[in-house]
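> here is my input; please provide its structure:
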Amino acid sequence: MISPSRASDARAKRLAATLYTYMFLDDLILLYPVYALLFAGTGLSTAEISSLLVIWSVTSFVMEVPSGVWADAVSRRLLLAVAPILSGAGYALWIIAPSYGAFAAGFVLWGISGALQSGATEALVYSELEHLGAAGRYATIMGRARALSTCAVMVATAAAAPLMVVGGYPLLGTASILACVLCSAAATTFPEHRVESQGGTSPRAYVEVLRDGVAEARSSRSVRRALLLVAVVSAIWGSLEEYVALLAADTGVATHVVPLLVLLVSAGIALGGVLAATGRRLTNRALAGCLVFGALALGAGAISGAAAGFVAITAAFCVFQMATVLADARLQESIAGPARATVTSLAGLGTEVAGVVVYGGYAAASTVAGHSVIFAVFAVPYLVIALALARPSGPVHQDPSIKTRPSRPVRQGPSVRGRKGDHRTP
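Just a heads-up that it's a prediction; the model follows:
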């Protein structure tokens, strides 16, 4: 007879395996490294390409919180299955009818897809682990999943070049769409032990879920601190990552070496996800010390202006990814009410806003300074974050109604969506 603890451990491992598969396939998109070339080859100007990125960002920004509320009102598994299909449809538009309108529509679909996943993924995984009595594994599992996402991007980048020679954009687009379909199929195997909010998909149900999420974020100091930590820590390095290739080029290395330096940084990011497992018990002071190290490594590596400095930059990005996973884990642990995906989406919204600030600041700074100086300047906020973390947090005040509000009922069996043919055991 299998003991309950062993059965719970097995289910947690199955959940982790599903998440790893989902996250890897979600970023195994061969169009990623070349879509800008596709746009330019179609005749789009740099300004038009930039406008497409703005459309993408605005879509993500607008949909972030509403999608989180939806994930608390209906099946999170359903949203995770739909999301890759939307992005795949966008890639199909790019290949079938390459034009500004098709590219814009594709970015809208991609933005909606990302918003549906943001909040729902973290909420589903944490809730299922909590159901199994294994919430303490969240940082380990999510860290490894994000590491696999980074590895998927690296694999897609490496595969894009030879496949481009063989079949051009149509082949890369077809492979990307296939990855989306497989990703959606993987999502259907997620367990889900929760019911929809009372009222289902009615407007009143959405309003109640949104009110629950906002109320918890406003009344709980620990939730507010975690929200801010997630948004600021992830937004800075996540935005700087877009400029790593330019920083590498400024070191004076040959053009063919630039991708290798970018790959080195990507490897550091992947390692940071894995290291989150060992860092999940770090105190605030210890985490602050890690951020100080990361800030100093980023500043020193960038200011050096040498390719060798990318070793330090890689170490910095490794620390920042680890800190991002740990911040997310702390946020999930601090949420006591039923609107978990909504609160998590508020963190996503904060990340989007902070990211826009970083992009704007980088653009403005680029008129008076080089990439190395700008990277060093953006290391400073991490020192401020570390200082705030190292300070005593004091007593935590939270609205008692948030603590006592009942969580969603648990049912023993397949997802309450009751989809045809779904006979999996939980």
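
> residue 124 - nearest residue in space that isn't next to it in sequence?
Distances taken as CB to CB, 6 or more residues apart in numbering put residue 76 closest to residue 124, at 4.2 Å, once the chain neighbours are dropped. The way it works is simple: take the backbone N, C-alpha and C, and place the C-beta from them, glycine included.

> the one you found: neighbouring residues, count only.
Other residues near residue 76 number 29, with proximity taken as other CB atoms under 10 Å.

> residues in contact with it?
When contacts are counted by CB atoms under 8 Å, 6 or more residues apart in numbering, residue 76 touches 120-121, 123-124, 190, 192, 194, 341.

> next: residue 69.
Contacts were defined as CB under 8 Å, 6+ apart; by that measure residue 69 touches 206, 209-210, 213, 339, 341-342, 345.

> does it belong to a helix, a strand or coil?
Secondary structure, DSSP: H, G, I helix; E, B strand; the rest coil: residue 69 is helix.

> could you measure from it over to residue 214?
10 Å (CB to CB, to the nearest Å).

> ok, residue 264 next?
Relative to residue 214, and taking CB to CB, residue 264 is found at 41 Å.

> likewise residue 247?
Computed with CB to CB, the distance linking residue 247 and residue 214 is 39 Å.

> the more surrounded of those two?
residue 247 (24 against 16).

> returning to what we had before: could I get the contacts of residue 76 as a markdown table with neighbour count and secondary structure?
Below are the contacts of residue 76 laid out as a markdown table (neighbours: other CB atoms under 10 Å; DSSP: H, G, I helix; E, B strand; the rest coil):
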| residue | neighbour count | secondary structure |
| --- | --- | --- |
| 120 | 28 | helix |
| 121 | 25 | helix |
| 123 | 24 | helix |
| 124 | 26 | helix |
| 190 | 23 | coil |
| 192 | 20 | coil |
| 194 | 23 | coil |
| 341 | 30 | helix |
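
> go through the residues you listed and say which is closest to residue 35.
The shortest distance between residue 35 and any of those, using CB to CB, involves residue 121 and amounts to 23.3 Å.

> dump the residue contacts of that closest one.
Applying CB under 8 Å, 6+ apart, the residues near residue 121 are 19, 76, 80.

> just the residues you listed: which are in helices?
With DSSP state H as the criterion, helices contain 19, 76, 80 from among the contacts of residue 121.

> for the first one, which non-adjacent residue is closest in space?
Leaving aside its chain neighbours, residue 19 sits nearest to residue 145 (5.0 Å; criterion: CB to CB, 6+ apart).

> still on that earlier bit, between the contacts of residue 69, which is closest to residue 303?
For residue 303, the closest of the contacts of residue 69 turns out to be residue 345, at 36.8 Å, with distances computed as CB to CB.

> quick check, pLDDT for the closest one.
pLDDT, the model's per-residue confidence, is 87 for residue 345.

> mind giving me the packing neighbours of the longest helix belonging to the chain?
Looking only at the chain and at elements set by DSSP H, the helix with the highest residue count is helix 138-187. On a contact count with 3 or more CB pairs under 8 Å, 6 or more residues apart in numbering; DSSP states H and E, helix 138-187 meets helix 4-26, helix 76-96, helix 120-131, helix 258-279, helix 310-334.

> nearest to residue 153, out of those?
Of all these, it is helix 258-279 that lies closest to residue 153, at 6.8 Å by CB to CB.

> quick one: the helix or strand that comes right after that closest one to chain centroid distance?
Sequence-wise, the next helix or strand beyond helix 258-279 is helix 284-304, with elements assigned using DSSP states H and E. Centroid separation for helix 284-304 versus its chain: 22 Å, with CA atoms, centre = their mean, to the nearest Å.

> list the buried residues of helix 284-304.
Of the residues in helix 284-304, those scored as buried under the neighbour-count criterion (16 or more other CB atoms under 10 Å) are 284, 287-288, 290-292, 294-302, 304.

> which residues are in contact with the most centrally placed residue in the chain?
By CA atoms, centre = their mean, the chain has its centre lying nearest to residue 118, at 6.8 Å. Counting by CB under 8 Å, 6+ apart, residue 118 touches 60, 64, 67-68, 344-345, 348.

> quick one: which of those is most hemmed in?
Ranked by neighbour count under the definition other CB under 10 Å, the contacts of residue 118 are headed by residue 68 with 32 neighbours.

> which residue, other than its chain neighbours, is closest to that one?
Excluding its sequence neighbours, the residue lying closest to residue 68 (CB to CB, 6+ apart) is residue 345, at 2.5 Å.

> for that neighbour, pull up the helix or strand it's in.
Assigned by DSSP H and E, residue 345 falls within helix 340-365.

> avg pLDDT for the strand or helix carrying residue 66?
Using DSSP H and E, the secondary-structure element containing residue 66 is helix 46-73. Along helix 46-73, the predicted local confidence has a mean pLDDT of 84.

> for stretch 76-95, same thing?
Stretch 76-95 shows a mean pLDDT of 96.

> show me how far that stretch is from its chain's centre.
On the basis of CA atoms, centre = their mean, stretch 76-95 sits 16 Å off its chain's mean C-alpha point.

> pull that stretch out as CSV, backbone CA atoms only.
In CSV, the C-alpha atoms belonging to stretch 76-95 read as follows (Å, rounded to 0.1, in the frame of the first residue of the first chain):
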residue,chain,number,x,y,z
ARG,A,76,-6.7,28.3,-14.8
ARG,A,77,-5.8,25.1,-16.7
LEU,A,78,-8.2,26.2,-19.5
LEU,A,79,-6.5,29.6,-19.8
LEU,A,80,-3.1,27.9,-20.0
ALA,A,81,-4.3,25.7,-22.8
VAL,A,82,-5.8,28.5,-24.8
ALA,A,83,-2.8,30.9,-24.5
PRO,A,84,-0.4,29.0,-26.7
ILE,A,85,-3.0,28.6,-29.4
LEU,A,86,-3.5,32.4,-29.5
SER,A,87,0.2,33.1,-29.9
GLY,A,88,0.5,30.3,-32.5
ALA,A,89,-2.3,31.9,-34.5
GLY,A,90,-0.3,35.1,-34.4
TYR,A,91,2.7,33.4,-35.8
ALA,A,92,0.6,31.9,-38.6
LEU,A,93,-0.6,35.3,-39.6
TRP,A,94,3.0,36.5,-39.9
ILE,A,95,3.9,33.7,-42.2
